[in-house]
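1. need coordinates for the following:
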Amino acid sequence: MPSSDERSLAALIYVASFFTVFIGPLIIWLIKKDSSKFIDYHGREYFNFLISYTIYTAAAGVLCLVFIGFVALPVIGIAGIVFTIIAAVKSYEGIEYKIPVIFRIL
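-> Purely as a prediction, here's the structure:
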């Protein structure tokens, strides 16, 4: 079971993403990834999530040319917010949550 500090910092990766999408989570992850396997896992999971949803958003933007993207963009946005909140809660509970429908690149 991860310590309370590890759980808080892992949850902070997701919470900070609402205010600074890239820089805040990156700083937390880079500073703590070598000292905590739990924080490293959630940092990698968040950045895989960010890469995947950036690709999904770009594809939906292109699909706006054929009007499908106008439906896909709000769905992607809502899913991004919901999965971020779920991941923050699960990481605070000490669970290694796998965000669905993302590419595991890192």
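2. quick check: what element follows the helix ranked longest in the chain along the chain?
-> The residue-count maximum for a helix in the chain (DSSP state H) belongs to helix 37-63. Using DSSP states H and E, the helix or strand that follows helix 37-63 towards the C-terminus is helix 69-92.
3. for that following helix, packing partners?
-> Under the contact definition 3 or more C-beta pairs under 8 Å, 6 or more residues apart in numbering; DSSP states H and E, helix 69-92 sits against helix 4-16, helix 37-63. Where you see a C-beta, it was placed from the backbone N, CA and C, and this is true even at glycine.
4. relative to helix 37-63, how tilted is that helix?
-> In terms of direction (axes from the mean of the first three to the mean of the last three C-alpha atoms, to 10 degrees), helix 69-92 departs from helix 37-63 by 170 degrees.
5. avg pLDDT for helix 69-92?
-> If you average the pLDDT over helix 69-92, you get 97.
6. tilt between it and helix 4-16?
-> Calculated by the same axes, to 10 degrees, helix 69-92 forms an angle of 170 degrees with helix 4-16.
7. in helix 69-92, what counts as buried?
-> If you call a residue buried by 16 or more other C-beta atoms under 10 Å, then helix 69-92 has these buried ones: 69, 72, 73, 76, 80, 83, 84, 87, 88, 90, 91, 92.
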